[in-house]
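1. Provided below for reference: sequence and predicted model.
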Amino acid sequence: MKKTLLLLGTPLLLFAHNIDFFTSLEKTLQNNKGLKAKKLEIDKAKLSLQEAKSYDYGSLVFAQNISRTNNAGYVFGMKLASREANFGDFGFSDFMGAIGGAAQAANGDFGTFSQMLAQSGDGILAMQPDDLNNPDARTNFETKATYKVPIFTGFKLQNAKKMAKLQILANQAKYTYNEKSLGLEVLKAYNGAVAAKEFIKATQTAKKATNSFVEFATELYDEGLVTDIDVKQAKVYDMGVDAKMLEAKNSYQLALAYLRFLTADNEISDVESFQNIFVDISSLDSLKYDAYRKRDDFAWMKYNTDTMKTKIDFDSSDYYPTIGAQLEYGFNDNKLNNLSSDKDYYMGAIGLSYNLFDGNLRSVKKQKAKVEYAKTKHYFDYMKSGIKLEVEKNYLTLVTKQKVLKQKQKALSLSDEVLVKSQEMYKNHLMNMSTLLMQQANRQKANAEVILAKYEETLASASLKIALGDSLKNTK
């Protein structure tokens, strides 16, 4: 029977997926969806820089415009643009008709012709030429390429690029900070699973002890040396240990489930031992100084402050004129195939624009930027004090947790000695079952407190390490 159970259990042992802390951390940093989403903020900031740089190169736009109209001004302009305008388009046929009529009436007499022309001159000039005012509808095909480039923007583009670069650094610092903070969460989950596993082992040890109490009390009862109350008390306590075992196993499964969630590894079925975190706590003042130099969230806030300071210069750009250039080359004709050298044109222009009055809008924008900078700087200064407090708090917590762990370990050692003495006294009928079970409960409680103290000590060490700006990846 034992061989059969051993064979059945072998596959479980072969396929059990144990994991240590550093593997858990590596998997989490690789697979965590939240961290991947935050990393996209860096890519977004880089694209903002590319966007700002793109304006330096200007824009080249190709356009194909097709229009049809009988508007006299447009038709004449289209013909002129395609270099097809002639005197007839000006209405010269009506003018020449009037001249011809005067010449015919003069019958070749130049003097009479001159006199008639002088008399009818005002009338000729007042004529409305039909060809000019009522042209036939025309279709125009315009093909052109336009290049526009800024020459001077009041330093707006330079400041936009500077802000974009600062935001890249800010988002990189923020990502690194989030990565380190996630490491602390992984340690909580991993060491939490280890603690739950240790609780199971401690409960199994307690179960062996309570089983022995039941067996020994039963033997003494059979010999008539104790009453059945001792047996029942031992059995009741033994059942209580069974309940604690179920709770410990449930806690372990919950801790593993959270670790599987963080790592995105659904095959994890076991963990190894506690991961200890070492921090040099010889000098609190030096720790505070190190935190300012290494904290990524501190760097993130500094870059944001510098960005808001640059924003003042960016909004001040409206006080300067802007200068731009435009080059255009194209073709016009009444047919689509208009790429002909006698139909082309070019245009080059440089323009200056200066806003003389905007209802005080520029001043308001600049003042608003100054307010935002002042607000961000206050948060930055506030963070300095906060980091100092955080380091001191975690430092004192770690010192305390280390002392507590030592005391709990001493208490466990004493409770072991007391339990051994109590078992001997019960066997010699110098102690009743209630007192023995109380000593067993004390020993079990002391063991649980050592496990919990060890877990809290590792978290305190890790929290101080994160507060100092270090990564838990560097604890190997």
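-> Perfect, I can see it now.

2. show the pLDDT at the nearest residue in space to Glu390 that is not next to it in sequence.
-> Distance criterion Cβ to Cβ, 6 or more residues apart in numbering; nearest residue to Glu390, sequence neighbours excluded, is Ala467 at 4.9 Å. Every C-beta, even on glycine, is put in place using the N, C-alpha and C of the backbone. At Ala467, the predicted lDDT confidence score is 93.

3. mind listing what Ala467 touches?
-> With contact taken as Cβ atoms under 8 Å, 6 or more residues apart in numbering, Ala467 is in contact with 291, 295, 387, 390-391, 394.

4. and with 7 Å instead?
-> Ala467 is in contact with 291, 390-391, 394, counting by Cβ atoms under 7 Å, 6 or more residues apart in numbering.

5. make a markdown table from the residues you listed and add secondary structure and neighbour count to it.
-> Shown next, in a markdown table, are these (DSSP: H, G, I helix; E, B strand; the rest coil; neighbours: other Cβ atoms under 10 Å):
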| residue | secondary structure | neighbour count |
| --- | --- | --- |
| Ala291 | helix | 20 |
| Glu390 | helix | 19 |
| Val391 | helix | 22 |
| Asn394 | helix | 23 |
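
6. which of those sits closest to Ala234?
-> Nearest to Ala234 out of those is Asn394 (Cβ to Cβ; 45.3 Å).

7. for the lengthiest strand in the chain, name the packing helices and strands.
-> Secondary structure assigned by DSSP state E gives strand 138-152 as the longest strand of the chain. Contacting strand 138-152 under the criterion 3 or more Cβ pairs under 7 Å, 6 or more residues apart in numbering; DSSP states H and E are the following elements: strand 59-69, helix 72-81, strand 322-333.

8. comparing the ones you listed by mean pLDDT, which bottoms out?
-> Across those, helix 72-81 has the smallest mean pLDDT, namely a mean of 86.

9. got the angle for that helix vs strand 59-69?
-> Interaxial angle of helix 72-81 relative to strand 59-69 (axes from the mean of the first three to the mean of the last three Cα atoms, to 10 degrees): 120 degrees.

10. please spell out which residues along helix 72-81 are buried.
-> Judged by neighbour count using 16 or more other Cβ atoms under 10 Å, the buried positions of helix 72-81 are 75-76, 78-79, 81.

11. redo the residues you listed as JSON lines? Include distance to Phe213.
-> Conversion of the buried residues of helix 72-81 to JSON lines gives the following (distance: Cβ to Cβ, whole Å):
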{"residue": "Val75", "distance to Phe213": "114"}
{"residue": "Phe76", "distance to Phe213": "116"}
{"residue": "Met78", "distance to Phe213": "110"}
{"residue": "Lys79", "distance to Phe213": "115"}
{"residue": "Ala81", "distance to Phe213": "110"}
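
12. ok, so of those, who is nearest Leu60?
-> Looking across the buried residues of helix 72-81 and measuring by Cβ to Cβ, the closest to Leu60 is Ala81, at 21.5 Å.

13. surely the closest one and Asn332 touch.
-> Yes - between Ala81 and Asn332 there is a contact under Cβ atoms under 7 Å: 4.0 Å.

14. which residues in the protein form helices?
-> For the chain, the helices defined by DSSP state H occupy 2-15, 21-31, 33-54, 72-81, 92-106, 110-125, 130-133, 156-222, 228-263, 284-294, 296-316, 361-427, 433-467.

15. now do the shortest one: which elements does it pack against?
-> Counting contacts by 3+ Cβ pairs under 7 Å, 6+ apart, helix 130-133 packs against no other helix or strand.

16. in CSV, please show the C-alpha coordinates belonging to it.
-> Below are the C-alpha coordinates for helix 130-133, written out as CSV (Å, rounded to 0.1, in the frame of the first residue of the first chain):
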residue,chain,number,x,y,z
ASP,A,130,-19.6,90.8,-73.5
ASP,A,131,-16.6,88.5,-73.8
LEU,A,132,-15.1,89.8,-70.6
ASN,A,133,-18.3,90.0,-68.5
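
17. how about residues contacting that helix?
-> Under the contact criterion Cβ under 7 Å, 6+ apart, helix 130-133 has outside partners 72, 88-91, 93-94.

18. quick check: mean pLDDT of that helix?
-> 74.

19. buried set for stretch 409-422?
-> Within stretch 409-422, the residues that count as buried by 16+ other Cβ under 10 Å are 411-412, 415, 419, 422.

20. tell me the contacts of the nearest residue to Lys365 once chain neighbours are set aside?
-> Distances taken as Cβ to Cβ, 6+ apart place Asp315 nearest to Lys365, at 4.5 Å, with adjacent residues excluded. By Cβ under 7 Å, 6+ apart, the contact list for Asp315 reads 365-366, 369.

21. follow-up on the earlier one: tell me the angle the longest strand of the chain makes with helix 156-222.
-> Strand 138-152 and helix 156-222 meet at an angle of 70 degrees, taking the same axes, to 10 degrees as the criterion.

22. so which bits of strand 138-152 are buried?
-> Quick answer for strand 138-152 (16+ other Cβ under 10 Å): 138, 140-144, 150.

23. what of stretch 457-474?
-> Of all the residues in stretch 457-474, those buried under the rule 16+ other Cβ under 10 Å are 457-472.

24. got it, and stretch 241-260?
-> By neighbour count on 16+ other Cβ under 10 Å, the buried set for stretch 241-260 is 241, 244-245, 248, 251-252, 255-256, 258-260.

25. kindly reformat the residues you listed as CSV containing distance to Ile350 and pLDDT.
-> Compiled in CSV, the buried residues of stretch 241-260 are given as follows (distance: Cβ to Cβ, whole Å; pLDDT from 0 to 100):
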residue, distance to Ile350, pLDDT
Val241, 91, 84
Lys244, 86, 86
Met245, 86, 88
Ala248, 81, 89
Ser251, 76, 91
Tyr252, 76, 93
Ala255, 71, 92
Leu256, 71, 94
Tyr258, 66, 93
Leu259, 66, 93
Arg260, 66, 93
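
26. mind putting these in TSV, distance to Ala37 included?
-> What follows is the buried residues of stretch 241-260, written out as TSV (distance: Cβ to Cβ, whole Å):
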residue	distance to Ala37
Val241	46
Lys244	41
Met245	41
Ala248	36
Ser251	31
Tyr252	31
Ala255	25
Leu256	25
Tyr258	20
Leu259	21
Arg260	20
